[in-house]
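**Student:** based on what follows, work out the 3D shape:
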Amino acid sequence: MLDEGFTAGILDTLLRMRMIINNISKNNFTDNPMTKRLQLAQKIYADTSKLTASDLLSNEDYECERAEFLRLATQHRQQRRLRLTPDLNLVFETRFTAWLQIQEELRWLTHPTERDIDEVLTRCNLMVPFPNQLTATLLIDGGDSPTALYWMQCAAANALTAELRLSGQVLRGKSQESSAGVLAAVHTLVFQPSAPCGPCSEIIWGDTAVQHAAPLSAATRHVLTRDLNPANNSNCFIASTTARIGLARPARSSAGVGPPSLALNKYPPLRVVMACKPEKSGNTPQEGR
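**Tutor:** From the prediction side, this is the model:
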């Protein structure tokens, strides 16, 4: 039989081993700074309310964590960025990207006042989508080129159209009131469900004369579908490694968009879609399409 001293020694050793294992687990998961950042980013993303001052970090705390938050944001935006042409980019926003924009603007103010914070919150909250909606920033990049100027004029006159076909519904983009009528390179669009559609996932865009369409990649389709209901998306910061990001490779087309004087090679070869009509069924495309 084992004496009591030997048994007590074994129990003491096992207890110490258990404490070591618990400390390792705690350090790896609970106290890991990266885990805490992910948890905060996930919490900000999943909340469906508008952002308030209570959601923000102080400038000092944000500066300490800024590099990692920017790294998370880069991945987050890459999954939601659609390059339509060399001049047009559409970046879908979330509550997290709006939060990051607020933090980035406030960090330039040494002592931001309550008025400063309220002004930035009001403006950036326009990017926070309601459930079952999507918001996107339209970026017109091209400097003083004729094509960039043309698209800025289209956006200001509400002549640039964009709609998503996603999850069996058409989400039609509309400029925020603050963007309409302004000749600018950045506009905010709100995509709201307007009609049922078939199972295809694509973006349709163009001017009042001609529209184009391009299929969404599997990765983009996945994240945008989840963004429609962020509260139920518990792992939005886990990147998909099996699907391509952005637009899937489109079929070639000789059609262009914009005034005839512009060279057609300014635009990517996308399939032309004329007179898009709403479909009758959420599962079956309308006959003849």
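**Student:** look up how far residue 119 lies from residue 60.
**Tutor:** 21 Å (C-beta to C-beta, to the nearest Å). The C-beta positions use only the backbone N, C-alpha and C, and glycine is treated the same way.
**Student:** likewise residue 127?
**Tutor:** 15 Å.
**Student:** what do you get for residue 217?
**Tutor:** If you go by C-beta to C-beta, the gap between residue 217 and residue 119 works out to 37 Å.
**Student:** now swap in residue 157 and tell me
**Tutor:** Where residue 119 is concerned, residue 157 sits at a distance of 28 Å (C-beta to C-beta).
**Student:** and residue 189, by the same measure?
**Tutor:** 22 Å.
**Student:** do I have it right that residue 219 meets residue 78?
**Tutor:** No: assessed by C-beta atoms under 8 Å, residue 219 is found out of contact with residue 78, at 9.3 Å.
**Student:** which of these two has more neighbours?
**Tutor:** residue 219 (20 against 15; other C-beta atoms under 10 Å).
**Student:** confirm that one sits in a strand?
**Tutor:** No: according to DSSP: H, G, I helix; E, B strand; the rest coil, residue 219 belongs to no strand; its state is helix.
**Student:** was I right about residue 154 contacting residue 205?
**Tutor:** No: with contact defined as C-beta under 8 Å, residue 154 does not reach residue 205; the gap is 10.6 Å.
**Student:** what is in contact with these two at once?
**Tutor:** Common neighbours of residue 154 and residue 205 (criterion: C-beta atoms under 8 Å, 6 or more residues apart in numbering): residue 160.
**Student:** okay, those two: which has more neighbours?
**Tutor:** Neighbour comparison, residue 154 and residue 205: the larger count goes to residue 205, with 24 against 18 (by other C-beta under 10 Å).
**Student:** which residue, neighbours along the chain excluded, lies closest to residue 203?
**Tutor:** Spatial nearest neighbour of residue 203, excluding adjacent residues (C-beta to C-beta, 6 or more residues apart in numbering): residue 164 at 5.5 Å.
**Student:** oh, I was asking about residue 94
**Tutor:** residue 45 (5.5 Å).
**Student:** same question for residue 153.
**Tutor:** residue 183 (6.8 Å).
**Student:** counting neighbours, what do you get for the one you found?
**Tutor:** Other residues close to residue 183 by other C-beta under 10 Å number 10.
**Student:** so who does it touch?
**Tutor:** 152-153, 156.
**Student:** filter those residues to the buried ones?
**Tutor:** Buried members of these, counted by 16 or more other C-beta atoms under 10 Å: 152, 156.
**Student:** let me know the closest of the contacts of residue 183 to residue 196.
**Tutor:** Nearest to residue 196 out of these is residue 156 (C-beta to C-beta; 31.3 Å).
**Student:** the closest one against residue 184, yeah?
**Tutor:** Yes: with contact defined as C-beta under 8 Å, residue 156 counts as touching residue 184 (7.3 Å).
**Student:** ranges for the strands of this structure?
**Tutor:** 81-83, 88-93, 134-140, 161-166, 169-175, 186-196, 202-206, 211-215, 271-273 (DSSP state E).
**Student:** just give the number of residues close to the nearest residue to residue 87 once chain neighbours are set aside.
**Tutor:** Nearest in space to residue 87, with sequence neighbours left out and distances taken as C-beta to C-beta, 6+ apart, is residue 142 at 4.1 Å. By other C-beta under 10 Å, the residues close to residue 142 number 18.
**Student:** for the remainder of this discussion, apply numbering that starts at 27.
**Tutor:** All set: I'll call the first residue 27, so the last point we hit is now residue 168.
**Student:** give me phi/psi at residue 168?
**Tutor:** phi 170, psi 10 (degrees, to the nearest 10).
**Student:** give me every residue that touches it.
**Tutor:** 112-113, 174, 177.
**Student:** between those, which sits nearest residue 78?
**Tutor:** residue 177 (34.7 Å).
**Student:** tell me the contacts of the closest one?
**Tutor:** Here residue 177 is in contact with 113-114, 166, 168, 186, 284 (C-beta under 8 Å, 6+ apart).
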